[in-house]
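Chemist: following is a predicted model, sequence given first.
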Amino acid sequence: MIIHRGHIWAATMEELLEKITIYLAHGGYTALAEPRTRPVREQAVLTCYEWKATAVRTGMEINGSEDS
């Protein structure tokens, strides 16, 4: 489970990846997604990895074997 400030973002990293992919596919953006030079799924994977790195740096909780 991925939790940030008491809010559950996703049950697994795969669920988070799917949410980011959908967000990007519908015109959303992240720091790693602009400018759009990569396919949406690739951008989502990179964003997910960066999200994990940020989570570790800022103390967000990532629990469970799928999320580590």
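Modeler: That came in fine, so what should we check first? Numbering: from 1, shown residues only.
Chemist: can you tell me the element A53 falls in?
Modeler: Remark: A53 resides in helix 40-58, with elements defined by DSSP states H and E.
Chemist: which strands or helices does that helix pack on?
Modeler: Contacts defined by 3 or more CB pairs under 8 Å, 6 or more residues apart in numbering; DSSP states H and E place helix 40-58 against helix 13-25, strand 61-62. Bear in mind the C-beta positions are built from the backbone N, C-alpha and C, glycine included.
Chemist: any chance of the ones you listed in a markdown table with mean neighbour count and mean pLDDT as columns?
Modeler: A markdown table is the format used below for the helices and strands packed on helix 40-58 (neighbours: other CB atoms under 10 Å; pLDDT from 0 to 100):
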| stretch | mean neighbour count | mean pLDDT |
| --- | --- | --- |
| helix 13-25 | 17 | 83 |
| strand 61-62 | 17 | 57 |
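Chemist: redo those as JSON lines? Include distance to A53.
Modeler: Shown next, in JSON lines, are these (distance: least, CB to CB, whole Å):
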{"stretch": "helix 13-25", "distance to A53": "12"}
{"stretch": "strand 61-62", "distance to A53": "11"}
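Chemist: looking at those, which is closest to W51?
Modeler: helix 13-25 (6.9 Å; CB to CB).
Chemist: angle of the closest one against helix 40-58?
Modeler: For helix 13-25 against helix 40-58, the angle by axes from the mean of the first three to the mean of the last three CA atoms, to 10 degrees is 120 degrees.
Chemist: please name every helix or strand in contact with helix 13-25.
Modeler: strand 7-10, helix 40-58.
Chemist: check these for me: which has the lowest mean pLDDT.
Modeler: Lowest mean pLDDT within the helices and strands packed on helix 13-25: strand 7-10, at a mean of 69.
Chemist: understood, closing this out.
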